[in-house]
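Student: The sequence and its predicted three-dimensional model are supplied below.
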Amino acid sequence: MGDTLITIIAIVLAAVLMFVFPLMTMSDRTDDVSQLTVETATTEFVDDVRTTGKLTMDKYSQFVENISSTGNSYEVEMELQVLDENPGKKTTQAEATKIGENVYYTMYTSQILDTINPSSGQTKTLALKEGDIFSTKVNNTNTTMSQQLKNFFYSVTGNDTYVIAAEHGGIVTANGAGN
């Protein structure tokens, strides 16, 4: 009886070592590749918008297609802080320099998509100006195989943990309206 129990435990342990841990390793590598793909695509998308000063639905659709090619689903959040220059003039004629502060107002994903989405069939362009700040944040919304295995073996649970996430932003360096 004792030998049979030890044999069964040894077979189960061998099965776990031969099949489950390699599966966990491969699924972790898949998540690593997806992470790198999403980080690269996010950086390229934001930098393209920043350097051209233009955001179109075509650019956004291409970005979403690139990150979706990893086989995961993602939530994309964009934020555009538009520079609203509020220059005041000094009262003396000799020194006509700006006084006051520059103020930003913010547009979020839904507002940006409403602006660039071609409802009339014509492609619309959101023209940014130098000094605006554009950022994009991406998080996966599905549970990957790696997350499922880790949750099963390590009892790690939580909805706020993202395995695949990327964020990039910066100041726009070109005026999109002039081109």
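Tutor: Perfect, thanks for sending it.

Student: Show me the shaky parts of this structure.
Tutor: Residue ranges of the chain with pLDDT under 70: 1, 86-101, 155-162, 178-179.

Student: thought residue 85 was touching residue 102?
Tutor: Yes: counting by Cβ atoms under 8 Å, residue 85 does reach residue 102; the two are 5.6 Å apart. Any C-beta I mention is one placed from the backbone N, CA and C, and that applies to glycine too.

Student: Check which residues of the top helix by length along the chain are buried.
Tutor: Taking DSSP state H as the criterion, the chain has its longest helix at helix 21-52. Within helix 21-52, the residues scored as buried using 16 or more other Cβ atoms under 10 Å are 24, 27, 30-31, 34-35, 37-39, 41-43, 45-46, 49-50, 52.

Student: just stretch 55-62 next, same as before
Tutor: Quick answer for stretch 55-62 (16+ other Cβ under 10 Å): 55, 56, 57, 59, 60.

Student: ok, for residue 132, nearest residue in space, not its chain neighbours?
Tutor: The shortest distance from residue 132 to any non-neighbouring residue, by Cβ to Cβ, 6 or more residues apart in numbering, is to residue 172 (4.3 Å).

Student: where exactly do the strands run in this structure?
Tutor: 54-56, 74-84, 88-89, 98-99, 103-108, 125-127, 133-140, 165-171 (DSSP state E).

Student: In CSV, list the ones you listed along with distance to residue 177.
Tutor: Formatted as CSV, the strands of the chain follow (distance: least, Cβ to Cβ, whole Å):
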stretch, distance to residue 177
strand 54-56, 9
strand 74-84, 12
strand 88-89, 24
strand 98-99, 21
strand 103-108, 16
strand 125-127, 4
strand 133-140, 15
strand 165-171, 17
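
Student: center of the protein - which residue?
Tutor: residue 138 (2.3 Å; Cα atoms, centre = their mean).

Student: So which of the strands of the chain is nearest residue 68?
Tutor: strand 74-84 (6.9 Å; Cβ to Cβ).

Student: Parallel or antiparallel, list what pairs with the closest one.
Tutor: strand 103-108 (antiparallel), strand 133-140 (antiparallel) (DSSP bridges).
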